[in-house]
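**Q** build me a model from this:
(2 chains)
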2 protein chains.
Amino acid sequence: MNSTALPLIQLAEQFARLPGIGMKTAQRLAYHIMTISDDDAKAFADAILTAHSTVRECSVCCNLTEKDICPVCAEDRRDKSVICVVESPKDVAAFERTNEYDGVYHVLHGLISPMDGVTPDMLRVKQLLARVGSGVREVIMATDPTVEGEATAMYISKLIKPLGVKVTRLAFGLPVGGTLEFADEVTLFKALENRSEI
Amino acid sequence: MNSTALPLIQLAEQFARLPGIGMKTAQRLAYHIMTISDDDAKAFADAILTAHSTVRECSVCCNLTEKDICPVCAEDRRDKSVICVVESPKDVAAFERTNEYDGVYHVLHGLISPMDGVTPDMLRVKQLLARVGSGVREVIMATDPTVEGEATAMYISKLIKPLGVKVTRLAFGLPVGGTLEFADEVTLFKALENRSEI
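**A** Residues are numbered from 1 along each chain as shown, chains lettered A, B, ... in the order given. As a prediction, the model looks like this:
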């Protein structure tokens, strides 16, 4: 016999479908929803529906936005000849927080990963190639320094280089504020290899 | 300038209000919602609203249920003279999984915790005392073996004992499948103190 109310089980199952949320955490979240006010529960449900229905991909860079063209692509002072290629909208937000980059972005919405069945045609590669034709002088490959990130950067750079556009990759080295002691061998080797004169 | 669409930020803020979900995880979950189908997004929002509006407290044991009286309290074969007092509906589910307990429950919906501002009158203690009067022979204090759980067990047992009802506490000792090496001193002492003849 099940002592837990069915709607509560169903809510927990919904939470458990989210990435990184296991069944135990999902149950805890479902119980939490029982303790919040009616207004808060409605606000949560509305936020899901509103975000899902109003947010779509920018027709230029594929970043998520409410408008047809995202604020970054719409801004005049941005250097449209430099495109920073990233995996996801989170990465755009990360670069924007640096307040240093004044080019534009291209969001792939994933990385090539044969293990997970993600092939290049499932990413926004075609849209990137279409953009590269018109007055672009540099494409910065800013995917994660992982196997999938490297493979994606290599794949895309091979497609873009023949078009006569400069393709660059983010620098590898010691993270600022980190300690040598905890740096792994590959990072340390990269830091040594790419050392610069002071 | 903010590169993230407002509905997405608002959804992330909703996720971040859940217990144990930080802002980074909340953003990841919000982006995930963008990738699911319209039907799935609607199902998620509906699950929140349905669970919140249909689930309430059992009028006997205060466990969460869709009906006026929960399935455990409604079941005839249950021994109504033994009440297992637990912190939350999760704990009822845990005891039910053992398939060994045939008494009933009482859900406190919290533990006494002056640090967090939780006083006894914020728990379902009054409802428990009202039940204890009529033909109950044992109350099992099954709160967590933490400072708050112990304090709550002590507080309630002091209220119930004068009514002539037996009050018991869950056994402390080694967890089954655990190793002596990793048992803490207090647990090991309790296991030694409460040893039984074989």
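**Q** what is the burial count for residue A:98?
**A** Residues within reach of residue A:98, counting by other C-beta atoms under 10 Å in any protein chain shown, total 7. Glycine gets a C-beta too; all of them are placed from N, C-alpha and C.
**Q** er, residue A:77 actually
**A** Residue A:77 has 5 neighbouring residues, counting by other C-beta under 10 Å.
**Q** what sits closest to it if chain neighbours are left out?
**A** Of all residues not flanking residue A:77 in the chain, residue A:102 sits nearest, at 7.0 Å (C-beta to C-beta, 6 or more residues apart in numbering or on different chains).
**Q** burial count for the one you found?
**A** Residue A:102: 11 neighbours (other C-beta under 10 Å).
**Q** wait, residue A:106 touches residue A:61, no?
**A** Yes. Counting by C-beta atoms under 8 Å, residue A:106 touches residue A:61, with 5.2 Å between them.
**Q** list the contacts for the residue nearest to the spatial centre of chain A?
**A** Note on chain A: the residue nearest the mean C-alpha position is residue A:88, at 1.8 Å, using C-alpha atoms, centre = their mean. Residues touching residue A:88, when contacts are defined by C-beta atoms under 8 Å, 6 or more residues apart in numbering or on different chains, comprise A:107, A:108, A:109, A:110, B:31.
**Q** again with residue A:46
**A** For residue A:46, the contacting residues are residue B:45, by C-beta under 8 Å, 6+ apart.
**Q** whichever strand or helix holds it vs helix B:38-54, what angle?
**A** For residue A:46, the host element (DSSP states H and E) is helix A:38-54. For helix A:38-54 against helix B:38-54, the angle by axes from the mean of the first three to the mean of the last three C-alpha atoms, to 10 degrees is 170 degrees.
**Q** per-domain residue ranges of chain A.
**A** As given by automatic domain parsing, the domain ranges for chain A are A:6-54, A:57-169.
**Q** returning to what we had before: what about the following helix or strand past the helix holding residue A:46, near chain B?
**A** The helix or strand immediately downstream of helix A:38-54 is strand A:56-57, counting by DSSP H and E. No. Shown here: strand A:56-57 not in contact with chain B (C-beta under 8 Å from any C-beta of the partner chain), separated by at least 8.8 Å.
**Q** ok, stretch A:30-41 next?
**A** Yes. Applying C-beta under 8 Å from any C-beta, one finds stretch A:30-41 touching chain B at A:30, A:31, A:32, A:33, A:34, A:36, A:38, A:40, A:41.
**Q** what residues does that stretch touch?
**A** Counting by C-beta under 8 Å, 6+ apart, A:8-9, A:11-12, A:15, A:44, B:17-19, B:48-49, B:51-53, B:55, B:64, B:88-90 sit against stretch A:30-41.
**Q** and that stretch, which residues are buried?
**A** Residues of stretch A:30-41 classed as buried under the neighbour-count rule (16 or more other C-beta atoms under 10 Å in any protein chain shown) are A:30, A:31, A:33, A:34, A:36, A:41.
**Q** would you agree the fourth one falls within a helix?
**A** Put plainly, it is residue A:34. Yes. Counting by DSSP: H, G, I helix; E, B strand; the rest coil, residue A:34 falls inside a helix.
**Q** wait, doesn't residue A:136 sit right on residue A:164?
**A** No. Counting by C-beta under 8 Å, residue A:164 is not a contact partner of residue A:136; they are 10.1 Å apart.
**Q** which of these two has more neighbours?
**A** residue A:136 (19 against 8).
**Q** surely the more buried one is within a helix?
**A** No. According to three-state DSSP, residue A:136 belongs to no helix; its state is coil.
**Q** and the pLDDT at it?
**A** If you check residue A:136, the pLDDT there is 93.
**Q** need the contact list for it.
**A** Neighbouring residues of residue A:136 by C-beta under 8 Å, 6+ apart: A:80, A:81, A:82, A:83, A:165.
**Q** and the residues you listed, which of them are buried?
**A** A:82, A:83, A:165.
**Q** out of those residues, who's nearest chain B?
**A** residue A:83 (14.6 Å; C-beta to the nearest C-beta).
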